[in-house]
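Trainee: below is the structure, and that's it, no one-letter string:
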Ligand SMILES: Nc1ncnc2c1ncn2[C@@H]1O[C@H](COP(=O)(O)OP(=O)(O)OP(=O)(O)O)[C@@H](O)[C@H]1O
């Protein structure tokens, strides 16, 4: 579904990514791990069109999306729950969920049609009843957890083929973090492809089929949870646990 081929990127004179490659299959949950500052957010920015790729290529469903405008990439079916949520203070919960809504894209030739029903307002409210209760509250009147639910709901309202979460549970109270993990587990059972960055490695090991570890702007390790748990020295070197 997504193929990142040796991408390089950075900010001004400082190069951050030195040839990152990774692959996400349809309906797969993949994690991106690494210590602070290793380039996880930068990788996501390149995929979503928020930062130019200087070298390398990004393919989505076999089509080159490298350096396409962010809105074009979003319309192809990639939606992001950004770090820091980025909810709008002057829009209500409901407005967030209808303003960006898009019906599911037509399946590509040969692609299986998604099993799950499309994400509309009612289905998002079923997933997060708290959003229904806060329907008429403004973005800046919500708690951090509610804002994260809203950011996920807003991303789902575009009916993405690939949902990307940068720091899925950062700064959330433990009970809310668990709600977010439960939500992601539910999305996974419905076949939603997810690419997720988070610091809670144990949760990522439970939910993701494949893990990609970044170290100094390169993908230094890739594998499944069983392998990751077995390779303790690699993990302590690159993740510090
Ligand atoms: N807008 C920016 N301008 C200049 N440098 C930046 C910018 N954003 C990030 N960087 C630098 O790029 C490097 C990689 O940052 P990035 O945010 O991709 O890391 P990360 O792996 O997501 O880490 P974290 O977990 O801390 O968010 C860091 O050294 C960071 O300081």
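Mentor: On my side now, so go ahead. Here the structure is a predicted model, which is why all the values come from computation and not from measurement. Residues are numbered from 1 along each chain as shown.
Trainee: check the gap between residue 194 and residue 136 for me.
Mentor: 30 Å (Cβ to Cβ, to the nearest Å). In this view, the C-beta of every residue, glycine as well, is placed from N, C-alpha and C.
Trainee: try residue 8
Mentor: Residue 8 is 46 Å from residue 136, by Cβ to Cβ.
Trainee: more crowded one of those two?
Mentor: residue 8 (17 against 10; other Cβ atoms under 10 Å).
Trainee: now the more buried one: how far from residue 135?
Mentor: For residue 8 relative to residue 135 (Cβ to Cβ), the value is 44 Å.
Trainee: what does the pLDDT read for the residue nearest the centre of the chain?
Mentor: Nearest to the geometric centre of the chain sits residue 164, at 1.4 Å (Cα atoms, centre = their mean). With respect to pLDDT, residue 164 has a value of 97.
Trainee: assumed it was part of a strand.
Mentor: Yes. Under DSSP: H, G, I helix; E, B strand; the rest coil, residue 164 sits within a strand.
Trainee: confirm for me that it is in contact with residue 78.
Mentor: Yes. Between residue 164 and residue 78 there is a contact under Cβ atoms under 8 Å: 6.6 Å.
Trainee: mutual contacts of these two, please.
Mentor: The contact sets of residue 164 and residue 78 overlap at 47, 48 (Cβ atoms under 8 Å, 6 or more residues apart in numbering).
Trainee: for the helix ranked longest in the chain, give the mean pLDDT please.
Mentor: Assignment by DSSP state H gives helix 174-189 as the longest helix of the chain. The average of the pLDDT scores along helix 174-189 is 93.
Trainee: and what of stretch 129-136?
Mentor: On average, the pLDDT along stretch 129-136 is 94.
Trainee: buried sites along it?
Mentor: Buried residues in stretch 129-136, counted by 16 or more other Cβ atoms under 10 Å: 130, 131, 134.
Trainee: kindly report the same for stretch 67-80.
Mentor: By 16+ other Cβ under 10 Å, the buried positions in stretch 67-80 come out as 68, 73, 74, 76, 77, 78, 79, 80.
Trainee: start to end distance for that stretch?
Mentor: 16 Å (Cα to Cα, to the nearest Å).
Trainee: that one near the ligand anywhere?
Mentor: No. Stretch 67-80 lies apart from the ligand when judged by Cβ under 6 Å from any ligand atom; the minimum separation is 13.3 Å.
Trainee: now that stretch, how far from the centre of its chain.
Mentor: Taking Cα atoms, centre = their mean, to the nearest Å, the mean C-alpha location of stretch 67-80 is offset from the chain mean by 13 Å.
Trainee: what's it in contact with?
Mentor: Under the criterion Cβ under 8 Å, 6+ apart, residues 2, 44, 47-50, 52-53, 60-61, 63, 65, 102, 105, 155-156, 158-166 lie in contact with stretch 67-80.
Trainee: let's see it at 6 Å
Mentor: 48-50, 52-53, 60, 65, 105, 155, 158, 160-164 (Cβ atoms under 6 Å, 6 or more residues apart in numbering).
Trainee: the residues you listed in strands, which ones?
Mentor: Using DSSP state E, the subset of the contacts of stretch 67-80 located in strands is 60, 162, 163, 164.
Trainee: ok, and the most crowded of the residues you listed?
Mentor: Neighbour tally across the ones in strands among the contacts of stretch 67-80 (other Cβ under 10 Å): the maximum, 25 neighbours, falls on residue 164.
Trainee: kind regards, and thank you for your time.
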